[in-house]
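Participant: Take this sequence and fold it.
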Amino acid sequence: MNLSNAERAEVLIHALPYIKKYYNKVLVIKYGGNAMINEELKHAVMGDIVLLSLIGVKVVLVHGGGPEITDMLKKVGKETQFVDGLRITDKETVEIAQMVLAGKVNKSLVSLIGNLGGKAVGLSGMDGKLIRAKQLDERLGYVGEITGINPEPILDMLENGYIPVVSTIGCDDEGNSYNINADTAAARIAGTLKAESLISMTDISGIMRDKDDPNSLISKLHVSDAPQLIHEGIISGGMIPKVECCIEAIRRGVNRVFIIDGRIPHSILIETLTDEGIGTMLL
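Facilitator: From the prediction side, this is the model:
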């Protein structure tokens, strides 16, 4: 799209109130889904994050990497098994998850942010005991339930102008590592930081009253109304735990949470710096 200089100026003027709202505030972004697999979308997301950082937003990026873990398990000849949608994670599997998340995925994102002009530092939940965890369920092995968040490593990075990129591997006091659900980790981190907003990137447009009708998007949802939507089946399947994480974040002090479609290029900027927004905002 070719814009005239006047049109570009108009866009910036319209964005100014939103830039002021987020200036020097913490914005936590949970990154996953198609936006993490598609290279073009990945560049768009990291470009959005760099831009927000450069205009004074304290961005914290929290990522998972389930497909990458599955691919690596296949390469080493290890079959992936699930219980209630959660990966069974034995000792070997959690070591591979740690290698993939805290290594390959995390460092590739840090490198891409750097190439786009940003300053990023990779952290895992094990660094500075950022994410403390315990075993969630014996049947699942080394899948973790968060017992506490130490925000100091993230705050130190933000104070020095860096974008913390957090992989969701936690640990306990005995040195065991645990794979943590990225939505859960992002919600707890956002709540601990009392973030201005949490953005959860998904592969759908948001919460829909009718999943087959794109015009049925619920643009604003008060957390008190969510249980009724779950009861009615409007919020169902994998969206239930995602919405529960969003509610948890708000109850822990986050002002607002957005569920947005990460398949749309620059969806983060559209949601944060325009009047319309594109997803569902939970209040």
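
Participant: Can you give the distance from the lowest-mean-pLDDT helix or strand in the chain to the centre of its chain?
Facilitator: Lowest by mean pLDDT, DSSP states H and E among the helices and strands of the chain is strand 86-87, with a mean of 74. Centroid separation for strand 86-87 versus its chain: 18 Å, with Cα atoms, centre = their mean, to the nearest Å.

Participant: and that strand, which strands flank it?
Facilitator: strand 82-83 (antiparallel) (DSSP bridges).

Participant: before we move on, back to that, what residues sit buried inside the following helix or strand past the least confident helix or strand of the chain?
Facilitator: Counting by DSSP states H and E, the element after strand 86-87 in chain order, helix or strand, is helix 91-98. Across helix 91-98, burial judged by 16 or more other Cβ atoms under 10 Å covers T93, V94, I96, A97, Q98. Backbone N, C-alpha and C define where each C-beta goes, glycine included.

Participant: Dump the residues you listed to TSV, plus distance to G56 and pLDDT.
Facilitator: Below are the buried residues of helix 91-98 laid out as TSV (distance: Cβ to Cβ, whole Å; pLDDT from 0 to 100):
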residue	distance to G56	pLDDT
T93	41	89
V94	38	90
I96	38	89
A97	35	89
Q98	34	91
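
Participant: just curious, which of those is nearest to M72?
Facilitator: I96 (5.4 Å; Cβ to Cβ).

Participant: Would you agree the closest one is in contact with D71?
Facilitator: No: applying Cβ atoms under 8 Å, one finds I96 not in contact with D71, separated by 10.3 Å.

Participant: Show me what I259 is bridged to.
Facilitator: Where I259 sits in a bridge, its partners, by DSSP bridges, are S200, T280.

Participant: how far away is R263 from A35?
Facilitator: Look at R263 and A35: by Cβ to Cβ, to the nearest Å, they are 7 Å apart.

Participant: So the closest residue to G128 other than its chain neighbours: helix, strand or coil?
Facilitator: Take G128 and drop its neighbours on the chain: the residue closest to it by Cβ to Cβ, 6 or more residues apart in numbering is P153, 4.0 Å away. What DSSP: H, G, I helix; E, B strand; the rest coil gives for P153 is helix.

Participant: hey, where'd the strands end up in the chain?
Facilitator: Per DSSP state E, the chain carries strands over the ranges 26-31, 58-63, 82-83, 86-87, 120-124, 131-135, 144-149, 163-167, 169-171, 177-179, 197-202, 220-221, 256-261, 280-282.

Participant: Could you give the bridge partners of the residue most central in space within the chain?
Facilitator: The chain has K30 as the residue nearest its centroid, 0.4 Å off, counting by Cα atoms, centre = their mean. Following DSSP bridges, K30 is listed with bridge partners V62, S200.

Participant: Enumerate every residue touching it.
Facilitator: V62, H63, A182, D183, A186, A187, L198, I199, S200, M201 (Cβ atoms under 8 Å, 6 or more residues apart in numbering).

Participant: And K104, by the same measure?
Facilitator: K104 sits next to E68 when contact means Cβ under 8 Å, 6+ apart.

Participant: switch to 10 Å and redo it
Facilitator: Residues in contact with K104 (Cβ atoms under 10 Å, 6 or more residues apart in numbering) are G65, E68, I69, M72, S167.

Participant: And the pLDDT at it?
Facilitator: Here the pLDDT value assigned to K104 is 91.

Participant: Show me the helices in the stretch 101-250 of the chain, by range?
Facilitator: For the stretch 101-250 of the chain, the helices defined by DSSP state H, counting those that start in this stretch cover 106-115, 152-159, 182-193, 226-231, 239-251.
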